[in-house]
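[1] got a predicted model here, sequence first, then my questions.
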Amino acid sequence: MRYETRYCTHCGTPLMLLAAAEDDGNHKERLRCPACGWTHWNNPTPVLAAVIELEGRVLLARNAAWPNKQAFGLITGFMEAGETPQEGLVREVKEETNLDVSALSLIGAYDFQRMNQVIIAYHAVAQGEVRLSPELVEYRLEAPEEVRCWRAGTGFALADWLRARGHEPEFVDFATRRSA
């Protein structure tokens, strides 16, 4: 279920779609409070994603909430207040996989409008023994040349990482993705 802001966080008045002048002088409709003028900006949420390289292979995991049992993806998570993207990614990798990150490099930032998110993706070289958090139910390790990408947010980050290593990515739908 997607959360929608319906009430002013300052005074509790129901928000309305109202046009108002913004910094550029243009009027734009946004959810605004008719009583106190507060604006719900609905800015995208930053999400961290890791292409985890463990012993030369890429770690992909299946989220417990995903109904498609053939869908595997990157390790992702939200930044917490007071941490940098790099600190957040190291924390998320440890929390979700028990792996220790020894090196990080930025792959890029990716628009994911369907979820109103901006994905900040990194390549993470990691060591240790994989132990999944309860959020994840299964993982697999694939050689980079065998990894298949998906046409959404983190799939594009994975494709860019593969291209940077000389592999032309193959895109598949989660529905047709082969199982381990």
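    Arrived safely.

[2] read off the pLDDT value for the residue of the chain most remote from its centre.
    Largest separation from the mean C-alpha position in the chain: residue 35, at 35.5 Å (Cα atoms, centre = their mean). Looking at residue 35, its pLDDT reads 97.

[3] who's in contact with it?
    Residue 35 sits next to 8, 11, 13 when contact means Cβ atoms under 8 Å, 6 or more residues apart in numbering. No exception for glycine: its C-beta is placed from N, CA and C like everyone else's.

[4] tell me the one of these nearest residue 44?
    For the contacts of residue 35, the residue nearest residue 44 by Cβ to Cβ is residue 8; the value is 21.1 Å.

[5] give the contact list for the residue nearest to the closest one when sequence neighbours are not counted.
    Nearest non-adjacent residue to residue 8, counting by Cβ to Cβ, 6 or more residues apart in numbering: residue 33, 3.8 Å away. For residue 33, the contact set (Cβ under 8 Å, 6+ apart) comprises 8, 10, 11, 13, 15, 16, 39.

[6] any idea how far the residue nearest the centre of the chain lies from residue 81?
    Nearest to the mean C-alpha position of the chain, by Cα atoms, centre = their mean, lies residue 47 at 4.2 Å. Counting by Cβ to Cβ, to the nearest Å, the separation of residue 47 from residue 81 is 15 Å.

[7] what of residue 10?
    In terms of Cβ to Cβ, residue 10 sits 20 Å off from residue 81.

[8] do the same with residue 147
    Taking Cβ to Cβ, one finds residue 147 at 33 Å from residue 81.

[9] neighbour-wise, which of the two wins?
    Using other Cβ atoms under 10 Å, the more surrounded residue of residue 147 and residue 81 is residue 147, with 19 against 4.
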